[in-house]
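Sequence first, then the predicted structure, then my questions.
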Amino acid sequence: MRHTWRWFGPHDPVSIDDMLQAGVQGVVTALHHVPTGTVWPPEEIARRRAQLAVMRDGAPSDLEWEVVESLPVSEAIKTQTGDWRGHVDNWIASMRNLHGAGIRVICYNFMPVLDWTRTDLQWRRPNGARCMRFDLTDFAAFDIHILERPGAAEDFPEDVRDAAARRFADMDDATRQQLAGNVVFGLPGAAERLTMGDVRDLLQSYGPVTDMVLRRHFNDFLEQVAPAAQELGMRLCCHPDDPPFPLLGLPRVMSTEADFAERIAAVDLSANGITLCSGSLGARHDNDLPGMMRRLGDRVHFLHLRNVRRDAETVPASFFEDEHLGGQTDMVDLIDAVLAEESRRRAAGRDDWRIPMRPDHGQDILDDIGRGGQPGYPAIGRLKGLAELRGVEMALSRRHRPA
């Protein structure tokens, strides 16, 4: 695997020096400050590449921008409203500009309204570590009593509705504001910040967008961008829904193996691939991550390796971000499947035989606590995860060496 690291730009408290000392081989980043739907200018791409090319003291880092995460797909594209066709053209233009800078892998997602959702960004573990958590009761309290989405109560079982009412009643105003902020939390430097009013307006814009309609819109998007990517030699990899079940009354169309297989078949080009995120997909008990890697591995262009632990074997369920080798996904079996796919690609002479991987998320431990980093992206917690994953990879790689 190619060991990469997500970096949020020069304001990220995890520095280029930190990445190098962690043993990172490449960088995953994006232009979060460029408004969604507009073109990523070549000069901004060049500026980001220059930023990650040097250490604090000016010495060269020798690090390259290897994966884009993410090139946003606008809500207009997903709903096919407004200037959505212009946004698709701009997405393709951005892809061409990235290709001109030597970048070949683009991660994106097709999640409506919220890219990812957690209810607690600093959940305390028994050992004092902090992690992110999705609590179904807290989310129901947000959806029903804070957002006050019409019909929200009908989307939750009776026991969850009752528990959410009690929990909301016990919250003070500060706790309610914190919960709302956690649910709509955005990336640092992002051009947009969502308010409750923004969320309500976006939800209204999705009124006509059923599950079937969103799948059709996704296919329409792929039919335009995938051939352009194929021509350029780019690899597009859609990230799964996080969490992988419907929220806010909205459809989710990248939550299961069947969803991934459907999108791959819709535009059957090698450029049309997937990001296999073991944490996002692992929040469903019925997703078999090692099996998915073995069956869909030919189109896996990017890997997010992390682990979660569910509170129940239901869909939906509460879960928290566990240690990389903890949780309920068999990480050893998953990495073994990845190495088998890489061996197959190498034997076939594929240039992309080494799949870029990043240690996704991580618990705040040691000096991460109080550092004020992006939730889920601590320095030491990810370093620990990368070391563990690298150790598993090294131990298993012997059985996959060429004869």
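Ah, there it is. Keep in mind the model is a prediction, meaning the values are calculated, not measured.

any chance you could map the helices in the stretch 1-150 of the chain?
16-21, 42-51, 75-79, 84-100, 136-141 (DSSP state H, counting those that start in this stretch).

What is the least confident helix or strand in the protein?
Taking mean pLDDT, DSSP states H and E as the measure, the chain has helix 196-205 as its least confident helix or strand, at a mean of 90.

closest to Arg149 out of the helices of the stretch 1-150 of the chain?
Smallest distance to Arg149 across the helices of the stretch 1-150 of the chain (Cβ to Cβ): 10.7 Å, for helix 136-141. Bear in mind the C-beta positions are built from the backbone N, C-alpha and C, glycine included.

Show me what the closest one is packed up against.
For helix 136-141, the packing partners by 3 or more Cβ pairs under 8 Å, 6 or more residues apart in numbering; DSSP states H and E come out as helix 158-170, helix 173-183.

any chance of these in CSV, with mean pLDDT, distance to Arg49 and mean neighbour count too?
Output for the helices and strands packed on helix 136-141, formatted as CSV (pLDDT from 0 to 100; distance: least, Cβ to Cβ, whole Å; neighbours: other Cβ atoms under 10 Å):
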stretch, mean pLDDT, distance to Arg49, mean neighbour count
helix 158-170, 97, 46, 15
helix 173-183, 95, 33, 15
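
Which stretch among the ones you listed approaches Val332 most closely?
Comparing these under Cβ to Cβ, the one sitting nearest is helix 173-183, at 32.1 Å.

Okay, angle between the closest one and helix 158-170 too, please.
Angle between the axes of helix 173-183 and helix 158-170 is 130 degrees (criterion: axes from the mean of the first three to the mean of the last three Cα atoms, to 10 degrees).

How about the contacts made by Phe156?
Counting by Cβ atoms under 8 Å, 6 or more residues apart in numbering, Phe156 makes contact with 136, 140, 143-144, 164.

mind redoing it with 7 Å?
Ala140 (Cβ atoms under 7 Å, 6 or more residues apart in numbering).

Would you state the predicted confidence (pLDDT) at it?
With respect to pLDDT, Phe156 scores 97.

Number the residues from 40 up from this point.
Got it, first residue is 40 now, which makes that one Phe195.

Could you count how many residues lie near Trp44?
When counting by other Cβ atoms under 10 Å, one arrives at 27 neighbours for Trp44.

From the opening residue of stretch 49-66 to its closing one, how far?
13 Å (Cα to Cα, to the nearest Å).

residues making contact with it?
Residues contacting stretch 49-66 (Cβ under 7 Å, 6+ apart): 41-44, 46, 90-91, 94-95, 100, 102-105, 227-228, 395, 410-413, 416, 418, 422, 425.

ok, 6 Å please
Applying Cβ atoms under 6 Å, 6 or more residues apart in numbering, the contact partners of stretch 49-66 are 41-44, 46, 90-91, 94-95, 100, 102-105, 410, 412, 418, 422, 425.

What are the buried residues along that stretch?
51, 53, 55, 57-59, 61, 63-66 (16 or more other Cβ atoms under 10 Å).

One more: stretch 135-152?
For stretch 135-152, using 16+ other Cβ under 10 Å, the buried residues are 135-138, 140, 142-152.

what about Trp104, distance to Ala140?
7 Å (Cβ to Cβ, to the nearest Å).

How about Arg164?
40 Å.

Any stretches of the stretch 140-289 of the chain with poor pLDDT?
Within the stretch 140-289 of the chain, the ranges that satisfy pLDDT under 70 run 225-232.

run the last query once more with 80
Within the stretch 140-289 of the chain, the stretches with pLDDT under 80 are 225-233.

With adjacent residues omitted, what lies nearest to Leu253?
Of all residues not flanking Leu253 in the chain, Pro290 sits nearest, at 4.7 Å (Cβ to Cβ, 6 or more residues apart in numbering).

in terms of contact, does that neighbour touch Arg255 like I think?
No. Using Cβ atoms under 6 Å, Pro290 makes no contact with Arg255, being 11.1 Å away.

So for these two, which residue has more residues nearby?
Neighbour count, other Cβ under 10 Å: between Pro290 and Arg255, Pro290 has more, with 19 against 15.

Assign the more buried one to helix, strand or coil.
Here Pro290 is recorded as coil under DSSP: H, G, I helix; E, B strand; the rest coil.

and what of the one 3 residues further on?
Secondary structure of Met293, reduced to three states by three-state DSSP: coil.

Straight-line length of stretch 139-147, end to end?
End-to-end span of stretch 139-147 (Cα to Cα): 19 Å.

actually stretch 57-76, not the one I wrote
32 Å.

Could you do stretch 72-80 as well?
12 Å.

what's next to that stretch, contact-wise?
Counting by Cβ under 6 Å, 6+ apart, 70, 111, 113, 126, 129, 132-133, 136, 228, 230 sit against stretch 72-80.

Contacts only, for the residue nearest the centre of the chain.
Centroid check for the chain by Cα atoms, centre = their mean gives His278 as the closest residue, at 5.6 Å. When the contact criterion is Cβ under 6 Å, 6+ apart, the partners of His278 are 146, 148, 314, 316.

Contacts only, for the third one.
Contacts for Thr314 (Cβ under 6 Å, 6+ apart) come out as 146, 276, 278, 341.

For the last one, give its distance to Leu425.
In this view, Phe341 and Leu425 are 16 Å apart by Cβ to Cβ.

quick one: which of these two has more around it?
The neighbour comparison of Phe341 against Leu425 (other Cβ under 10 Å) goes to Phe341, with 28 against 22.

so the more buried one sits in a helix?
No. Under three-state DSSP, Phe341 falls outside any helix and is assigned strand.

Is it in contact with Tyr147, as I believe?
No. Assessed by Cβ under 6 Å, Phe341 is found out of contact with Tyr147, at 10.4 Å.
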